[in-house]
Structure formats: structure tokens, C-alpha cells
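Enquirer: can't give you the sequence, but here's the structure:
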């Protein structure tokens, strides 16, 4: 094999597939990147749950394939001196990487031993705008659970129904829902994609307007953008029936500036150790036009007031500030509505108009 | 005694005394609180003075106690009652001092600061407990926790013993070393093997020699015996930095079936849960220790779904661990149960969706109750745990 390519394209390709490369695996070949040269060059990372393929243009003088240790390859290519890189592999799987006067000889592994990424067979096709999908993932996937004891909640539920695409993520303490009307011919569809894979989709796909093709079968899903393809297994089972959980009415409703509340929560969490769940941020409606955000910990105390418009009852409630920060960072609107129902009832964050998104957070009980 | 004094208050025959409050007619009979006699595995948890005088011992089987006293009255334990009285007593202590450190359900240390006459205060406490709760206590008054505890053991029931810097050698030094806190059977045997049988002999032994024999414990015991103490009594409001709470027992007979184990595990879970509760702590990891009759010990542990101090959950997890890990290929001699991963029970709790469903049901109950109260006056009061009728509006 002999290939000449651009160093910066090569770095981009490595960065794209590296997240799918296994770490601490029992199979050391999974800690490598599969490098395949035919008329262009395709890189693959696969940790047996998520696989990412990325194709880059290159001058292929002799086709071939090899597996290269991912971390090492990334480190080497990033440090190469010139923008042109020459990669050569001999029959003994010895790889030579040259750039300017710098030459590396690295040991490779046989591509024949690299596991096959599942082919999404008998797949059905769903097309949605790529930039919308990325936005929706960023606005929901963080709410999925990272606790492995309930695998269903490690996923994002993707639902298409009556021309509305919905993404939902729940970790048992908070919930994120995002709706978007799409032009799709398919009838109703529902599947659960691991949140980790969804986050990778949002990270590696370019944020462009065109449609992305999503192929899905019983067990797997393929996100197919032009240069990059991502395959993931699907999580089997029933997703949590979240619809009944979001209360239809509330005792108090607040209109508030998103960035002001975000900044206040971030300031309050400065004195709350991130690992400790012992200390909450406290929201108190001191009047119909003011919300007091405060925290009191072993380190000290902090307090500030934010201008709001309150309708309904006054309230005094405790939260894990991280839950609010996560949401406020991704909410696109300048102003939002937050509903409260007493000091142990759920809090719901909504847009002022419509129902494009809804977030529910459960409080800390004193 | 000049400035600070330490009191150790021990509620006499606590479980049995609480039972007798409801059954005063039994006071002159031998009464025990114990497990199921029919199963032949139930053990004595507590006894009254009459039973004690007949030689009945805590942790022996109810069956063998019956041999000593054919007219024995055996009552089933009633832990909610014991906790209730334990809390009342602690509240009473806290009126005398903010420094109250519970030790189990029935014992507490108190620190009296700048008290000109701690002995008089001890008598006030003793009288007030007797008057308000109908229970007797014995109190040790001294300058270390260990001496105060030895003092409360010295004279029972309903008594106060003062151990001063002047008299401790006369009163405490003749006692056997095994009466010291932290001297178990093994340590007592080791000390006995080199001729140390009393606290006084321990106190007069070269400390370096004890350290060689017992390691760090050697220094600790020597300090205890000499009335030297680092350990402070925590403010009642402060939590001690406890890492784990556990208890263990040697079975009356080696166990060869699960039936013989469940009672013991339940009793251990009970006692651990009570101690967690009195320290206002929750734990998330349950660990069991098994000692077989070849003296091999094994420990196994597992996590609870959330931190708690509930006896039933701790018991069930312990039983599950036992069933998962042990058969009876070798008879089992001893059992231990420890809860770790402790956190304050007063920390806020992150509510989850399951709680939400429960709260929604509760709020419906509340709405109904509010409506009833509105109509008939305040007849129903919803507490944190239960609903009670507080009074009628005839």
C-alpha cells in the first residue's frame, strides 16, 4: 500500500473516527484504526457498539489496508512537520509515515483481523435535515442516564409520528423532549439509540442544511452523511412512557431571561462541590417580579435576585444546579417559561409559545 | 472534678423494661424479650432483673432460658417502641447538654461543661427519666468516656457512680480487663496469656510491651485504663465522621440451614438499622461476614438501590448476599453485618420519577383531607409518615 494525503485532512479523519475506537478493550485490534486505500482513503473506528467510517480524498498509488494503533497514529500525524504525508505499508505490515524530513516506522496489524461493522440489512430509510437533527440531539441527549442499571434510559428515543420528529431522553430525575416538524413520507417510527452514539452523530457530522439519510433495521441504525457514516446498535425494549409525567397544569409560572438564570446558577454552583449532592441551589420567589437564587454550603453563601414575571403562587424550592445549567445552555430562546408545583413538585421549562421543547426537572427534597 | 464532666447513661434492661411498662403485672416474674421459642432458635435479647437473678443471659436460646425458669414469660420484641423511648430519652438528655452521643438505643454519653456539681445533675437526670418515662437508668460520672461507661456498669439499676481522679484506682482497677470497651474475647485471652487480668494490671504494664502484643490497640487500651482520652463527645447537632456501622455475633450453635441464619441476620439488621437511625445516617453498601466452624471468614458486599437505614431493606440485601454466596457445606459459627457508604440522613434527597407518582397520589389524599377539614373543622392531621385523627367536632 502506498498513499499520499494532506496532513490536515488526515488529522480531521482521525479525530472523526477516534471517538468510536475502543479503549481498555480485551481485543487490542479494536484500539486501532482501520486504514483502507482504494480510490480514496477510508478510516474506521469501531468499539463493537458504535462504528464510524470517514472517507477522505487522497492520491492512492498502491491500494491496500492495515490497522494502526489509534492513539499513536493521532499523536504522530498531529506532530508531522509538513502538510503532505506519505504512508506506505510493506508485506510485513511495517508502516512508514513520512512528512518532510521526518520518518516514522510503526508496526501495523492485519486488516483481516479487524471486525466487520454490521451492515444495516433490510433497512428502512428516514431523511431529516442534518442541522436540525444535530440541534435536537444537542438539546436532549445530555438528559439520558449514564447509570447502566437501566439500559433503556441510556438511550435517546427517536420518534416520527404524523410528520413530527421527536427526541426524548430521561434519566429518572429529569427529562428532555424536543419536537420538530419534518417533511417525511414514513409513517410512525420509534427506536432507541444509545446516547453516546447520538452525541457522536452531533459531534462528527457537519452542521449543514441538507438531509441526512438514516437507515434503520431491527438491531442497528446507520447515519449516512456524505463523507461520514456512523453505525450503532439500537437499544431494544419499551421506552419510558413519559407523556403522562409532564404535568398539564402548575401552581406557579415564571417568565425569565435564559442567560440571566444560567449565569446565576453557574455562580451559585461555584460554592457547591460538583461531586457532592449535599447542597442545592435554592429558588425563592420573593415577589411577583423577583426570583432569588441562592446557595449555602460549608464553603460559604451566595445570593442574587433576577427580574421575572410570576403568575400564581410564590414558591421556595431546591435543585441540583447542574440540571438547570445543562438545559439553560442549550435552550435557544432569550426568554423562557418555567413552571413550578410546590417544593416537591416537578419543574417544567417551556418556550413562551408553542411546544418545540419541554424539560422537566425534579427537585431535591429537604 | 472541676470543669467538664462526662456522663454515661445506661437504660437498665431497656427492652424488657419498656415491655413491662405496658405489662406491670409481670414485674415480679422472670421476663425476657426474645425470638420465637417454638422454633428452638429464638434467642434472648433482653431480660428483667428477676430473669437475670435466675442466671438467664442475653443471646442464649429462649429454649435454654426456659430450662432455668419454667415460669419464664417470653415477649416478642417491639423495636418501634424501643426507638420511641430511646428518642424521648435522648431529647431529655439534650436539655441538659448539647453534647450528646448515643451508643446504641439504650446508652448515651453526655458532656457537662462547667458544671459545678455533675453528680447532682446526674441524679436530676436519673429522677426525671424515672418520673417521665417510668424507666430506670444507671449513670457513670467521670472524666473520660470509658471511665463513665465503667461507672454506669458499676452499680445497677437506678444508681449514680462517680469515678474521680482520686478514686478510679480503687474502684475500677480491680475489674477484669474484659469490662473495658474494645476488649473482646480474643484480646482478653491474649492479655490473660501474659498474666494481665485486671484493668489495674493493664494500666501498670509498660505501654511499649502492650504495643508489641496488640499493635495500636495496645496503646489505646493502656490509655483507657489510665484515664487518658483523646476521644471527644460530639455535639448532638454534629455528625461523627463514621465510616461504617456494623455488628456481629457468634451463634449459640453452629448453623447448618438457612432457617437458623435468618433470625440472626434479622436481629443484626435490626441493631445496625437502629444505630444508623440514632446517628442520623443512611448507608448504601451492605456487607456480610461469615465465619464457619473452621474459623475461616468470608465477606461479601452489595449496594442498595439508594442510601437508607431501613431494617427490612438491609435484612433482605444481607439475606440475598448470603444465599448467593454460601451453602452449608461447612457449618456456620458466626455472622456479621456492616453498612458502609454512609451519608447524613439529613442531606437533601434528589426526587425521581417513581417518587413523583407517589407524591401525586399523596396530594390527592391531601386534597381530600383538606376538603374534609374545611367542612368539619381540623379533624385530620397528616404527619410525615401517617394520617391521624386529632379530634372530633362532636
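Expert: Now that the structure is in, tell me what you want to look at. Values in this document were obtained by computation on a predicted structure and should not be read as measured data.

Enquirer: in this model residue A:319 seems to touch residue A:344, though I could be wrong.
Expert: No - counting by CB atoms under 8 Å, residue A:344 stays clear of residue A:319, with 11.6 Å between them. No exception for glycine: its C-beta is placed from N, CA and C like everyone else's.

Enquirer: shared neighbours, the two?
Expert: Common neighbours of residue A:344 and residue A:319, using CB atoms under 8 Å, 6 or more residues apart in numbering or on different chains, are residue A:363.

Enquirer: where do the helices of chain A begin and end?
Expert: Listed from the start of the chain, chain A has helices (DSSP state H) covering A:7-18, A:70-79, A:130-140, A:195-204, A:258-268, A:321-330.

Enquirer: swap in the stretch 151-300 of chain B?
Expert: For the stretch 151-300 of chain B, the helices defined by DSSP state H, counting those that start in this stretch occupy B:168-171, B:185-193, B:199-203, B:207-214, B:216-225, B:258-278.

Enquirer: buried residues in the fourth one?
Expert: Neighbour-count burial for helix B:207-214, with 16 or more other CB atoms under 10 Å in any protein chain shown as criterion, is recorded at B:210-211, B:213-214.

Enquirer: the first one now?
Expert: Applying a neighbour-count criterion of 16+ other CB under 10 Å, one finds B:168, B:171 buried in helix B:168-171.

Enquirer: how far off centre is that helix?
Expert: Computed by CA atoms, centre = their mean, to the nearest Å, the chain-centroid distance of helix B:168-171 equals 27 Å.

Enquirer: same check, this time on the second one
Expert: When C-alpha coordinates are averaged (CA atoms, centre = their mean), helix B:185-193 and its chain have centres 25 Å apart.

Enquirer: what residues does it touch?
Expert: B:176-178, B:183, B:197, B:202, B:213-214, B:217, B:221.

Enquirer: for ChimeraX, write the selection for the buried entries among those residues.
Expert: Those of these that meet the burial criterion (16+ other CB under 10 Å) are gathered into one ChimeraX selection, given here:
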select /B:177,178,183,202,213,214,221
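
Enquirer: now tabulate the contacts of helix B:185-193 in a markdown table and tack on distance to residue A:199 and pLDDT.
Expert: Formatted as a markdown table, those follow (distance: CB to CB, whole Å; pLDDT from 0 to 100):
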| residue | distance to residue A:199 | pLDDT |
| --- | --- | --- |
| B:176 | 67 | 91 |
| B:177 | 63 | 89 |
| B:178 | 62 | 87 |
| B:183 | 58 | 83 |
| B:197 | 69 | 91 |
| B:202 | 64 | 91 |
| B:213 | 60 | 85 |
| B:214 | 56 | 85 |
| B:217 | 53 | 83 |
| B:221 | 58 | 88 |
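
Enquirer: nearest to residue B:44 among the contacts of helix B:185-193?
Expert: residue B:178 (20.1 Å; CB to CB).

Enquirer: gap between that closest one and residue A:251?
Expert: 62 Å (CB to CB, to the nearest Å).

Enquirer: again, but for residue A:292
Expert: From residue A:292 to residue A:251 the distance is 18 Å (CB to CB).

Enquirer: kindly report the same for residue B:165.
Expert: From residue B:165 over to residue A:251 the distance is 63 Å, taken as CB to CB.

Enquirer: ok, now residue B:203?
Expert: Counting by CB to CB, the gap from residue B:203 to residue A:251 is 67 Å.

Enquirer: which one's more surrounded, those two?
Expert: Shown here are residue B:203 and residue A:251; by other CB atoms under 10 Å in any protein chain shown, residue B:203 has more neighbours (22 against 14).

Enquirer: list the contacts for the nearest residue to that one once chain neighbours are set aside?
Expert: Nearest-residue entry for residue B:203: residue B:225, 3.8 Å, with adjacent residues in sequence omitted and distances by CB to CB, 6 or more residues apart in numbering or on different chains. By CB under 8 Å, 6+ apart, the residues touching residue B:225 are B:173, B:177, B:180, B:199-200, B:202-203.

Enquirer: now do 6 Å
Expert: Applying CB atoms under 6 Å, 6 or more residues apart in numbering or on different chains to residue B:225 gives the contacts B:199, B:202-203.

Enquirer: equivalent analysis for residue A:282, please.
Expert: Residue A:282 sits next to A:294, A:318 when contact means CB under 6 Å, 6+ apart.

Enquirer: equivalent analysis for residue B:35, please.
Expert: For residue B:35, counting by CB under 6 Å, 6+ apart, the contacting residues are B:42-43, B:263.

Enquirer: go with 10 Å
Expert: By CB atoms under 10 Å, 6 or more residues apart in numbering or on different chains, the contact set of residue B:35 is B:41-45, B:61-62, B:74, B:76-77, B:263-264, B:266-267.
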